[in-house]
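# here is my input; please provide its structure:
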Amino acid sequence: MQKAIVLINVGTPDSPKTKDVRPYLREFLGDKRVIDIPAIPRWLLVNLIIAPFRAPKSAKLYSQLWTEKGSPLRYISEDLAQKMQELVDQNTTVSVAMRYGNPSIKQVLKNILHQQPDELIIVPMYPQYAESTTGTVTEACLEFINKQVVIPKIKVVGQFYDHPAFIEAFRQKINSFQPEQYDHVLFSYHGLPESHINRIHPENSIESCNCQQEMPTHGKYCYRATCFATTRLLQTACDISESKSSVAFQSRLTKKWLRPFADEQVIELAKKGVKKLLVVAPAFVTDCLETSVEIGIEYEELFKKYGGEKLQLVFSLNAEDYWAESLLEIINA
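As a prediction, the model looks like this:
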C-alpha cells in the first residue's frame, strides 16, 4: 500500500527581501480564515495598508532570522521530513508543503497525486486547533483535491496537543534546559483574535468560558482552552509548579486578541523581581520568526530593560530524532 505523508507548516517568504515578503504577506493576511472580515474590506486593508507598510519592517525581522541555508522554518521542516523518511518503509513518502509561500500545497499535492498513492495523510503542524492554522490548511488541501480526477483515501491529522508522544517530546526538550534553575516559566502561545474564540462558543462569550481551569465540554476545539490544557499537561510532565509558571499569548495585532499579552507579562515578571525567565512556546513545533526573533531577541531585550537578567527560549522540537519518531506515532494513532 503506497502512502504519502505531507507535513504542512504556515509558510515563509522566499527571501528576507521586501519584494519577497510583500507577496507572502498578501497571501497570508488575505486568507479569510486569518483576517475574518468581508472580502472587499479585507483586500483593501491587506493590499493598500498592511502589505505596503508592514513589508519593509517584516523584511528586517526576517533578516535577523535568515541563515545561509535559508528560512529556518523551511529547512528545519525538510530536515524533519528526511528523518521521518528514514524511519518509514519503502512504500511511504514524506514531503513538506507550506500553506503560504513555497513549496506550495498545490504544487506538492499535484506531484504526489500524480503518483496515485493509496492513501494521502495530511499533517497540519499545529498542536492546537485554530481555524487560521489547521482549519485553513485542511480547507486548502481539500479544495485542491476536490478538483482531481482520482481522489485517494485521505486522512487529516487533527490537533495533537494532548497526545502522549507530543507531551513526552516537549518534556524532553523543556527538561534539557533545566527549568528548576529558573525563577519562573512562561508558556507563550501565538495569539488569536477574540472573535475566533467566540465562534467556537456560540452561546458563551470568551469572558464567561472557564477555559483557564478546565476543558469546556462544548469547546474541545477552543484554541484558548487547548493552550491552557497543554500547559497543565506540561507542568505535570516537567514537575513545574503553577505558582512558578504562567500562560500568555504573543504576536497580537490589536487589543482585541487573547490575553494576557506575552510582552506585558514579560515586563510584569521583571518588575516583580524575576531574574531568570524560561519561555516555552508549545504552539510551535518549528522555530520561526515568532520564537527566535520575537521571544529570543525582542522579549529578552524587554526583560532586561525592566530589571531581568536572563531570558531563555526553549527551542522548539524542530528536527530532533525523538520528535520524528513521536510525530510518526501521532500520525499512526
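# quick check: buried residues in stretch 125-138?
By 16 or more other CB atoms under 10 Å, the buried positions in stretch 125-138 come out as 125-138. C-betas here are computed from N, CA, C, even on glycine.
# report the backbone C-alpha coordinates of it in CSV.
Only the C-alpha atoms of stretch 125-138 are listed here, as CSV (Å, rounded to 0.1, in the frame of the first residue of the first chain):
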residue,chain,number,x,y,z
MET,A,125,1.9,21.1,12.0
TYR,A,126,-0.1,22.8,14.8
PRO,A,127,-0.6,21.1,18.2
GLN,A,128,-3.8,23.1,19.0
TYR,A,129,-6.6,23.6,16.5
ALA,A,130,-7.4,27.1,15.2
GLU,A,131,-9.4,28.0,12.1
SER,A,132,-6.4,30.2,11.0
THR,A,133,-4.0,27.3,11.2
THR,A,134,-5.3,23.7,11.0
GLY,A,135,-8.6,24.9,9.6
THR,A,136,-7.1,26.8,6.6
VAL,A,137,-4.6,24.1,5.8
THR,A,138,-7.3,21.5,5.7
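# show me how far it is from its chain's centre.
Relative to the chain's own centre, stretch 125-138 is displaced by 8 Å; criterion: CA atoms, centre = their mean, to the nearest Å.
# show me what it is in contact with.
Applying CB atoms under 8 Å, 6 or more residues apart in numbering, the external contacts of stretch 125-138 come out as 7-10, 31, 33-34, 77, 99, 105, 122, 124, 156, 158-161, 166, 189, 192, 196, 199, 221, 223, 226-227, 230, 282-283, 285-286.
# Ile151: which element?
Secondary structure assignment for Ile151, by DSSP states H and E: no helix or strand.
# so how many other residues sit close to it?
By other CB atoms under 10 Å, 12 other residues sit near Ile151.
# Asn175 and Glu68, how far apart?
Relative to Glu68, Asn175 is positioned 31 Å away (criterion: CB to CB, to the nearest Å).
# buried among the contacts of stretch 125-138? Need that as a selection in ChimeraX.
Under the burial definition 16+ other CB under 10 Å, those of the contacts of stretch 125-138 that qualify are selected in ChimeraX by:
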select :7,8,9,10,31,33,34,77,99,105,122,124,159,160,161,166,189,192,196,221,223,226,227,230,282,283,285,286
